[in-house]
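Q: fold the following.
(one chain, ligands or ions: 1)
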Amino acid sequence: MTTVREVRLKRRPVGMPQLGDFDVAEAPLAAPGEGEVAVKNLFLSVDPYMRGRMYDRPSYVPPFELGKVMQGGAIGQVTASHDPKFSVGDIVSSMFGWRDAYVAKGEHIQKIETHGLPPQAFLGAAGMPGMTAYFGLLEVADGCKPGETVFVSAATGAVGQIVCQIAKLKGATVVGSAGGAEKVAYLKEIGCDEAIDYRAGDINSALAKAAPKGIDVYFDNVGGDHLAAAMNAARPFARFAECGMIAQYNNEEPAPGPANMALIVGKRLKIRGFIVSDFAARQSEFAKDMAAWISSGQIKTRDTVDEGVDAMPGAFLKLFTGGNFGKMLVKV
Ligand code: NDP
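A: Numbering: from 1, shown residues only. So this is what the prediction gives:
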């Protein structure tokens, strides 16, 4: 019997999560039985949606259980296998994150052909966040054309940086917003035509200046003031892909809706929410295009990598303060 180091939810956070909401502990790990595989995790994914699972309320995924190890995306390597579909050394993807190793039935993990990409890419551009960007922009927002202007919030994040670059590949003018001068400089580096530091001033006037003719698409990762500004800047028939509203995830009271909702009618806005798993059946379309874009250098990525399972709670908190730059990962 070996042991596994894992992070458990100690108490449900109220408002901004605290390090004390989590416990890091050792637990016994049995050897794999028939049909099971032992995996050592290499990289753990840190994602904003995990905040939603810390509330005890109905949602599209069940809440995390108190005192139990949490779940999350992870990329690992098989160390022992009693399932003929897996061999020692295989790289696999799973939802057994927040721990350094695990034993699972083969049917609960997926083998990954990396095609020369680093394994952690499958938690970022080549994984869930990349797929969110791809279908969110190309399907939920009905794509974008040359001559159109696309506005992206949290634009240097795991999802946002990919949205900006796909929109550029499709010939659109792209305006990204992010917090701080370094992030704004990166947005220019990845091809954004205009980049807004939303912390430096009022987002409404900054967006009006960056997109004087208005916006045709808004890819929303933030909600709140960014959503209201996007509605003000929207051209008639603009399309909004509602991907996330991170500005509201830690609210202790429901936030009031934007005061300019009536613009939805007059401007005939199409505002549609989505969850990436809505497109699960079409994963191969994304995988093919994204692999080509990454290997040709048309899509570049940036990650923030912290080290060790014990770093997971701190890495998670960074998502809400902008402490991550690109995909937030923990290397085990
Ligand atoms: P990011 O890598 O973008 O990290 C979160 C970023 O959000 C931070 O770095 C910070 O960047 C920004 N942020 C945090 N708080 C605020 C705030 N109050 N106002 C403005 N910006 C803020 O995370 P992801 O790319 O993984 O996720 C981006 C969004 O997409 C989230 O809302 C997430 O929930 C959503 N999502 C939705 C999915 C779906 O299926 N619908 C799937 C995956 C993600 P900065 O320094 O610029 O402030």
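Q: contacts and neighbour counts: CA atoms only from here.
A: Will do.
Q: which parts of the stretch 151-300 of the chain sit against the ligand?
A: 154, 157-160, 178-179, 221-222, 243-247, 274-276 (CA under 6 Å from any ligand atom).
Q: out of the residues you listed, which sit inside strands?
A: Ala178 (DSSP state E).
Q: and the residues of the stretch 151-300 of the chain next to the ligand, which are buried?
A: 154, 157-160, 178-179, 221-222, 243-246, 276 (16 or more other CA atoms under 10 Å).
Q: three-state assignment of Val305?
A: strand (DSSP: H, G, I helix; E, B strand; the rest coil).
Q: centre of the chain to stretch 166-184, how far?
A: Its chain's C-alpha centre and that of stretch 166-184 lie 16 Å apart, by CA atoms, centre = their mean, to the nearest Å.
Q: ends of that stretch, how far apart?
A: With CA to CA, to the nearest Å applied, stretch 166-184 spans 18 Å between its terminal residues.
Q: and the lengthiest helix in the chain, what does it pack against?
A: Looking across the chain with DSSP state H, the single longest helix is helix 283-295. Secondary-structure packing of helix 283-295 (3 or more CA pairs under 8 Å, 6 or more residues apart in numbering; DSSP states H and E): helix 128-135.
Q: tell me the angle the helix it packs on makes with helix 283-295.
A: Between helix 128-135 and helix 283-295, the angle comes out at 100 degrees (axes from the mean of the first three to the mean of the last three CA atoms, to 10 degrees).
Q: use 30 as the first number for this chain going forward.
A: Got it, the first residue is 30 from now on, which makes the last one we talked about helix 157-164.
Q: quick one on the thing from earlier: what mean pLDDT does the longest helix of the chain have?
A: Across helix 312-324, pLDDT averages out at 95.
Q: and it, how far out from the chain's middle?
A: On CA atoms, centre = their mean, the centre of helix 312-324 falls 17 Å from the chain's centre.
Q: next one: stretch 34-42
A: Worked out by CA atoms, centre = their mean, stretch 34-42 lies 21 Å from the chain centre.
Q: stretch 136-156 too?
A: The answer for stretch 136-156 is 15 Å, by CA atoms, centre = their mean.
Q: if you count neighbours, what's buried in it?
A: Quick answer for stretch 136-156 (16+ other CA under 10 Å): Ile138, Gln139, Lys140, Pro148, Gln149, Ala150, Phe151, Leu152, Gly153, Ala154, Ala155, Gly156.
Q: please list the residues of the stretch 30-179 of the chain that sit near the ligand.
A: The stretch 30-179 of the chain comes close to the ligand at residues Asp76, Pro77, Tyr78, Pro158, Thr161, as judged by CA under 6 Å from any ligand atom.
Q: if you rank the residues you listed by neighbours, which is first?
A: Thr161 (25 neighbours; other CA atoms under 10 Å).
Q: tell me the pLDDT at it?
A: So, for Thr161, pLDDT stands at 98.
Q: isn't it right next to Ala187, touching?
A: No: the criterion here is CA atoms under 8 Å, and Thr161 misses it with Ala187 at 9.7 Å.
Q: and the strands in the stretch 230-361 of the chain?
A: Applying DSSP state E, counting those that start in this stretch to the stretch 230-361 of the chain gives strands spanning 244-249, 263-271, 299-302, 332-336, 356-360.
Q: find the residue at the geometric middle of this structure.
A: With distances taken as CA atoms, centre = their mean, Pro158 lies nearest the centre of the chain, 4.3 Å away.
Q: that one contacts Leu152, correct?
A: Yes: using CA under 8 Å, Pro158 is in contact with Leu152, at 7.2 Å.
Q: in contact with Gly135, which residues?
A: Gly64, Glu65, Val66, Asp112, Lys114, Phe115 (CA atoms under 8 Å, 6 or more residues apart in numbering).
Q: please redo it, this time with the cut-off set to 6 Å
A: Listed by CA atoms under 6 Å, 6 or more residues apart in numbering, the contact partners of Gly135 are Glu65, Val66.
Q: for Met79, pull up the helix or strand it's in.
A: helix 78-82 (DSSP states H and E).
Q: that helix: what's the following helix or strand?
A: strand 103-110.
Q: next, count neighbours for Val294.
A: 11.
Q: what does Pro285 give?
A: Pro285 has 7 nearby residues by other CA under 10 Å.
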